[in-house]
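Participant: output the structure for:
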Amino acid sequence: MTGKTAAVRDHGAARVAGVAVLVSLFAFLYYLQKSDLLLYGDAIAHINIARRVFDSQTPGLLQLGTVWLPLPHLLMIPFIFSDAMWRSGAGGSIPSMIAYVLGVVGIFRLVRGILEADLRTKPAGVVAAWAAAFAYGANPNLIYMQVTAMTESVYLALFIWAVVYFAEFIRSLRKNDLQKNAAGRQPQVARTPLVYCAWCLAGAELTRYDGWFLAGVMGTAVVAIVLRRWEDRALRRNAAKFLLGIALVPVLWLAYNGVVYGNALEFANGPYSAKAIEQRVGAPNPALHNARVAAIYYLKSAQLNLAEGNWSRFWLAAAFAAVAIAVWKLRTQSAPVLLLWVPLVFYALSIAYGSVPIHVHTWWPFATFNQRYGLQLLPVFAVSTGVLTASVFLLGEVLGVAGRHAGKLVAAMLALVVVSYASVWKAEPQCLQEARRNWEIRNPLDSAVERMIGTLPRNSRFLMELGEHVGVMQQLGIPLRQVVNNENHRPWKRPSDPEGLWERALADPPRYVDFVIAFDGDAVDQRTNKISLTELAEIHATGQPRARIFATAAHNAPNQSR
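Facilitator: The predicted model follows:
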């Protein structure tokens, strides 16, 4: 590649990034002024897990916990030192927004690379890459999710770039084969793409458990390539480093859980795992123990993230057509396209057997639950848009109508994308609808508790289990170091830590705190010694557990009820 060509290619990616930055910032300002950044309870939890690392009675990396993987929280920490960024949720948005931009650029680079490699049509490749980047970056559900502290945007960027570098690794092998045939000697294997792929996979593995499955699939693909080229010692050496790198993350996470929690699978079967939550919540799973039905539900969820009504069929048809074209025409580059379908397999198994139910509003039980999981297939649909765009150009060249009609056909296809996304905006993005319903359930109780706590002295110390209602303290701007909570103990002491701050405060609240906040059924309600406490308020909200606020002996006050 000449320097001039490289510069042109870099300018293309820079322009894509510039447009993505503008979209991201506009969406952030729009949802910020509508107070929609913290609608998801999980978004609040993510921000406060990161905050606890430095703002806690017992600060440190152990505050990262076990169920959620640590990378998203570590990325948030620099942005939530500011109380304003913490309270508004803006600090949690920044890593997601950066990842959104990187994801858009990654889709552009992936499509441009695979099309130029096999179809050898640079103009068509660039136009197709822009079309794919548009299909990805303009998705209404992703645009909302990327302004929240949720992990979807970060994982998608790492997933996409892992596939980008895997595709470039495949192309480097093909280039080496051509050089070998021309020169009659074995050229040096380009190891950089495989190294970068391993780094992206490691990041994905530290972000969502989806990444563990993805790493297993891509690791298997690399092993298959090595077995076919066993005589290539350099390739074997690089592949061994790749496999070691992607295996290290799960091993370290299992070791961390085993050492700290005494259970290597604490994240999978512990009291805060998805399995335990499903048992407590009792949400119906229409695809339980049926992977085929689970796959159908997941595909429907993915389609509803792209369009409402019959428009969703366009995307599914486009995706299947793109797979056929990739297998038929793209030859060596069909593998990266197929890798984008990995989330379908992972979620089909997770929904059927892994305590991860998913609901779509058009099918029983006619609700929206975990709709955001369907976004993991967005790269498939985006790349499909690019592949079909390039195919239209090629067909025009074959028929001799490239200048007259190919552009019109591409414009018509992009118009379908615009219309389908317009249907999502009109109905409101499903991820936003789910988040808003989530907030509407929590808000009456949390707001009432906030109002009561807001009347107490600002420098008070509290005893409270933060799991479900940490947003109360966040909205009031009360530092978490003023709250003795369920993370203030040594987790390796099982079943409890008598010397831990949490257990000592439960046994003798007046010694450690000024006020106690208990919700029916939580650890504070069940385990606190209430002998020396005076109830200040009892708060009720429809469909939510009762909340009670107590004062310790030094802060007695008249009884109140709400």
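Participant: with just CA atoms, put stretch 266-284 into PDB.
Facilitator: The C-alpha trace of stretch 266-284 is given here as PDB (Å, rounded to 0.1, in the frame of the first residue of the first chain):
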ATOM      1  CA  GLU A 266     -19.200 -17.500  42.600                       C
ATOM      2  CA  PHE A 267     -20.200 -15.300  39.700                       C
ATOM      3  CA  ALA A 268     -22.300 -18.200  38.200                       C
ATOM      4  CA  ASN A 269     -24.000 -19.800  41.200                       C
ATOM      5  CA  GLY A 270     -23.500 -17.300  44.100                       C
ATOM      6  CA  PRO A 271     -26.300 -15.300  45.800                       C
ATOM      7  CA  TYR A 272     -26.000 -12.400  43.300                       C
ATOM      8  CA  SER A 273     -25.700 -14.600  40.100                       C
ATOM      9  CA  ALA A 274     -28.100 -14.500  37.200                       C
ATOM     10  CA  LYS A 275     -29.400 -17.900  38.300                       C
ATOM     11  CA  ALA A 276     -30.100 -16.700  41.900                       C
ATOM     12  CA  ILE A 277     -31.800 -13.500  40.600                       C
ATOM     13  CA  GLU A 278     -34.000 -15.500  38.200                       C
ATOM     14  CA  GLN A 279     -35.100 -17.800  41.100                       C
ATOM     15  CA  ARG A 280     -35.900 -14.700  43.300                       C
ATOM     16  CA  VAL A 281     -37.700 -12.800  40.600                       C
ATOM     17  CA  GLY A 282     -39.500 -15.800  39.000                       C
ATOM     18  CA  ALA A 283     -39.600 -14.200  35.500                       C
ATOM     19  CA  PRO A 284     -41.100 -16.700  33.000                       C
END
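Participant: got the contact list for the spatially most central residue of the chain?
Facilitator: For the chain, the residue nearest the mean C-alpha position is residue 152 (2.0 Å; CA atoms, centre = their mean). Residue 152 sits next to 96, 142, 145, 146, 372, 375, 376 when contact means CB atoms under 8 Å, 6 or more residues apart in numbering. In this view, the C-beta of every residue, glycine as well, is placed from N, C-alpha and C.
Participant: pLDDT value on residue 218, please?
Facilitator: As predicted, residue 218 sits at a pLDDT of 98.
Participant: tabulate the CA atom coordinates of the strand or helix carrying it in PDB.
Facilitator: Assigned by DSSP states H and E, residue 218 belongs to helix 210-228. Output in PDB follows, covering the C-alpha atoms of helix 210-228 (Å, rounded to 0.1, in the frame of the first residue of the first chain):
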ATOM      1  CA  ASP A 210     -20.200 -13.400  26.000                       C
ATOM      2  CA  GLY A 211     -16.500 -12.800  25.400                       C
ATOM      3  CA  TRP A 212     -15.600 -16.100  26.900                       C
ATOM      4  CA  PHE A 213     -17.700 -18.000  24.400                       C
ATOM      5  CA  LEU A 214     -16.400 -15.800  21.500                       C
ATOM      6  CA  ALA A 215     -12.800 -16.400  22.600                       C
ATOM      7  CA  GLY A 216     -13.500 -20.100  22.600                       C
ATOM      8  CA  VAL A 217     -14.800 -20.000  19.000                       C
ATOM      9  CA  MET A 218     -12.000 -17.800  17.700                       C
ATOM     10  CA  GLY A 219      -9.400 -19.900  19.500                       C
ATOM     11  CA  THR A 220     -10.800 -23.000  17.800                       C
ATOM     12  CA  ALA A 221     -10.700 -21.300  14.500                       C
ATOM     13  CA  VAL A 222      -7.000 -20.400  15.000                       C
ATOM     14  CA  VAL A 223      -6.200 -24.000  16.000                       C
ATOM     15  CA  ALA A 224      -7.900 -25.200  12.800                       C
ATOM     16  CA  ILE A 225      -5.800 -22.800  10.700                       C
ATOM     17  CA  VAL A 226      -2.600 -23.900  12.500                       C
ATOM     18  CA  LEU A 227      -3.300 -27.600  11.900                       C
ATOM     19  CA  ARG A 228      -3.700 -26.900   8.200                       C
END
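Participant: thinking again about what came up before, can you tell me the closest non-neighbouring residue to the residue nearest to the centre of the chain?
Facilitator: Distance criterion CB to CB, 6 or more residues apart in numbering; nearest residue to residue 152, sequence neighbours excluded, is residue 145 at 4.9 Å.
Participant: I'd say the one you found and residue 93 touch.
Facilitator: No. If you go by CB atoms under 8 Å, residue 145 and residue 93 don't touch, sitting 10.3 Å apart.
Participant: if you count what's nearby, which of those two comes out ahead?
Facilitator: The residue with more neighbours, out of residue 145 and residue 93, is residue 93; 29 against 26, by other CB atoms under 10 Å.
Participant: what's the burial count for residue 138?
Facilitator: By other CB under 10 Å, neighbour count at residue 138 equals 18.
Participant: correction: the previous question concerned residue 220.
Facilitator: Counted with other CB under 10 Å, residue 220 comes out at 11.
Participant: please renumber the chain so that the first residue is 827 from this point on.
Facilitator: New numbering, starting at 827: the last item is residue 1046.
Participant: roughly how far apart are it and residue 1072?
Facilitator: 11 Å (CB to CB, to the nearest Å).
Participant: how far away is the residue nearest to residue 978 from residue 1176?
Facilitator: Residue 971 is 19 Å from residue 1176, by CB to CB.
Participant: how deep is the nearest residue to residue 1271 once chain neighbours are set aside tucked in, by neighbour count?
Facilitator: Leaving aside its sequence neighbours, residue 1271 sits nearest to residue 1367 (CB to CB, 6+ apart; 3.7 Å). For residue 1367, the neighbour count with other CB under 10 Å is 18.
Participant: which residues does residue 1367 contact?
Facilitator: Neighbouring residues of residue 1367 by CB under 8 Å, 6+ apart: 1270, 1271, 1274.
Participant: quick one: contacts for the second one?
Facilitator: Just to be clear, that refers to residue 1271. Applying CB under 8 Å, 6+ apart to residue 1271 gives the contacts 1295, 1365, 1367, 1370, 1371, 1373.
Participant: now with 7 Å?
Facilitator: The contact partners of residue 1271, taken as CB atoms under 7 Å, 6 or more residues apart in numbering, are 1365, 1367, 1370, 1373.
Participant: which two in the residues you listed are spaced the farthest apart?
Facilitator: For the contacts of residue 1271, the maximum inter-member distance is 9.1 Å, found between 1365 and 1370 (CB to CB).
Participant: which of these two has more neighbours?
Facilitator: Ranked by neighbour count (other CB under 10 Å), residue 1365 and residue 1370 place residue 1365 first, with 23 against 19.
Participant: bridging residues for the more buried one?
Facilitator: Residue 1365 has these beta-bridge partners by DSSP bridges: residue 1373.
Participant: for this protein, what helix or strand is lowest in average pLDDT?
Facilitator: Least confident helix or strand of the chain, by mean pLDDT, DSSP states H and E, is helix 1100-1107 with a mean of 76.
Participant: tell me which residues in it are buried?
Facilitator: Residues of helix 1100-1107 classed as buried: residue 1100 (neighbour count, 16 or more other CB atoms under 10 Å).
Participant: which one among the contacts of residue 1271 gets closest to residue 877?
Facilitator: Closest to residue 877, out of all of the contacts of residue 1271 and judged by CB to CB, is residue 1373, at 22.1 Å.
Participant: OK, contacts around that closest one?
Facilitator: 1271, 1275, 1343, 1345, 1365.
Participant: I'd like those residues as a markdown table, with pLDDT and distance to residue 997 appended.
Facilitator: A markdown table is the format used below for those (pLDDT from 0 to 100; distance: CB to CB, whole Å):
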| residue | pLDDT | distance to residue 997 |
| --- | --- | --- |
| 1271 | 96 | 55 |
| 1275 | 97 | 57 |
| 1343 | 97 | 58 |
| 1345 | 97 | 56 |
| 1365 | 97 | 62 |
